[in-house]
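# This is a predicted model, with the sequence first.
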Amino acid sequence: MKTLTIGERIKKALYEKRMTGFDLASRAEISEGGLSQIINGKIKNLKIDTALRIAKALEVAPMWLITGDDSGMPVSALGQNGSSSDEYIQVPRFEVKFDPETDESPKYTEFKYDRIFTFHKSYFDKYSVKSPKYCKSFKVAGDGMEPLIRRGDYVIVDCSPDISIADGEIYAFCDVQGLHIKRLISPLRGGLIIRSDNLTYKDEFLSKEELSKISIIGHVIDRAGSLMGA
């Protein structure tokens, strides 16, 4: 018997659930175009977080969707590699704004129909994240951290309220111009040095008084490339 592709399994489940592609895309929080590419086999390596969202929306076992293995277990009971689904934590994408003249703290807007990254709990242990619930993802607009982090990449940021600055580490901060991803250094004389990996950008220095113009959002712990598929 011919083994169905992921796209064919999705179409089979759509037919059995009497769902439309629009319904599935909305419930799985992906674009209709991205779903169409998956179904038509144009995306060969489907990301685990996307597969988990599709499986949950279709109410099918993730392992069946990914591999065709019909374990008979519902999506609520099965996660990637047979792990319980409650061992996975989603990190949604946000945009952030901060105007020091009017805002006491950053204002976040969640993008419900953009990528939602899903990680096993061990992922957060790897990066010593104490409270994964504080993690957020952001899409990078500038090229200041190239080649390490490119324009269009997504970064995972630990936005815990007790984050402290470790010299040379990468942080997300916001000012009136929007989000910035940079290395931060605290010089002995006070203030803050803002450093880019892209050598075309010079170091910036903020005095103690100028620090009120920015809000440090959190520590960047990981990145996801912009060419990863749906």
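Yep, that arrived.
# Do a quick rundown of the helices in the protein.
Using DSSP state H, the helices of the chain run over 6-17, 21-28, 32-39, 48-58, 62-67, 121-126.
# The ones you listed into CSV, with extra columns for distance to Arg150, mean neighbour count and mean pLDDT?
All C-beta atoms are positioned from the backbone trio N, CA, C, and that covers glycine. Formatted as CSV, the helices of the chain follow (distance: least, C-beta to C-beta, whole Å; neighbours: other C-beta atoms under 10 Å; pLDDT from 0 to 100):
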stretch, distance to Arg150, mean neighbour count, mean pLDDT
helix 6-17, 28, 16, 88
helix 21-28, 26, 17, 86
helix 32-39, 20, 17, 89
helix 48-58, 20, 22, 86
helix 62-67, 28, 20, 82
helix 121-126, 22, 14, 86
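# and Thr109, how many residues sit next to it?
Close neighbours of Thr109, defined as other C-beta atoms under 10 Å, add up to 10.
# Tell me which of the helices of the chain lies nearest to Gly190.
Ranking the helices of the chain by proximity to Gly190 (C-beta to C-beta) places helix 121-126 first, at 32.6 Å.
# and the closest one, how far out from the chain's middle?
15 Å (C-alpha atoms, centre = their mean, to the nearest Å).
# who touches it?
87-89, 132, 135 (C-beta atoms under 8 Å, 6 or more residues apart in numbering).
# Among those residues, which one has the most neighbours?
When neighbours are taken as other C-beta under 10 Å, the top entry among the contacts of helix 121-126 is Cys135 (25 neighbours).
# now that residue: how far from Phe173?
Distance, Cys135 to Phe173, by C-beta to C-beta, to the nearest Å: 16 Å.
# same deal with Thr3?
Thr3 is 49 Å from Phe173, by C-beta to C-beta.
# The protein: strands as residue ranges?
88-97, 107-120, 135-139, 154-158, 170-175, 178-185, 192-195, 204-206, 215-224 (DSSP state E).
# sorry, back to before: could I get the contacts of helix 121-126 as JSON lines with distance to Leu58 and pLDDT?
Shown next, in JSON lines, are the contacts of helix 121-126 (distance: C-beta to C-beta, whole Å; pLDDT from 0 to 100):
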{"residue": "Glu87", "distance to Leu58": "20", "pLDDT": "71"}
{"residue": "Tyr88", "distance to Leu58": "17", "pLDDT": "73"}
{"residue": "Ile89", "distance to Leu58": "21", "pLDDT": "82"}
{"residue": "Pro132", "distance to Leu58": "26", "pLDDT": "92"}
{"residue": "Cys135", "distance to Leu58": "26", "pLDDT": "95"}
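# if we take those, which one ends up nearest to Glu32?
Tyr88 (24.7 Å).
# hey, what's that closest one bridged with?
His120 (DSSP bridges).
# doesn't Thr118 make contact with it?
Yes: here Tyr88 reaches Thr118: they are 5.2 Å apart, a contact under C-beta atoms under 8 Å.
# Check the contact lists of these two and give me the overlap.
Leu52.
# got a list of contacts for the helix or strand of the chain with the lowest mean pLDDT?
Lowest on mean pLDDT, DSSP states H and E among the helices and strands of the chain sits strand 107-120, with a mean of 79. By C-beta under 8 Å, 6+ apart, the residues outside strand 107-120 that reach it are 26, 29-31, 48-50, 52-53, 80, 83, 87-98, 132, 136-137, 139, 154, 156, 224.
# how about the CA coordinates for that strand, as PDB?
What follows is strand 107-120, C-alpha atoms only, in PDB (Å, rounded to 0.1, in the frame of the first residue of the first chain):
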ATOM      1  CA  LYS A 107       3.400  47.600  25.000                       C
ATOM      2  CA  TYR A 108       3.200  44.200  23.400                       C
ATOM      3  CA  THR A 109       0.900  43.100  20.500                       C
ATOM      4  CA  GLU A 110       0.600  39.400  19.800                       C
ATOM      5  CA  PHE A 111       0.500  38.200  16.200                       C
ATOM      6  CA  LYS A 112      -1.900  35.300  16.400                       C
ATOM      7  CA  TYR A 113      -1.500  34.300  12.800                       C
ATOM      8  CA  ASP A 114       2.300  34.400  12.600                       C
ATOM      9  CA  ARG A 115       4.600  31.600  13.700                       C
ATOM     10  CA  ILE A 116       4.100  30.100  17.100                       C
ATOM     11  CA  PHE A 117       7.300  28.200  18.100                       C
ATOM     12  CA  THR A 118       6.700  25.100  20.200                       C
ATOM     13  CA  PHE A 119       9.500  23.700  22.300                       C
ATOM     14  CA  HIS A 120      10.000  20.800  24.600                       C
END
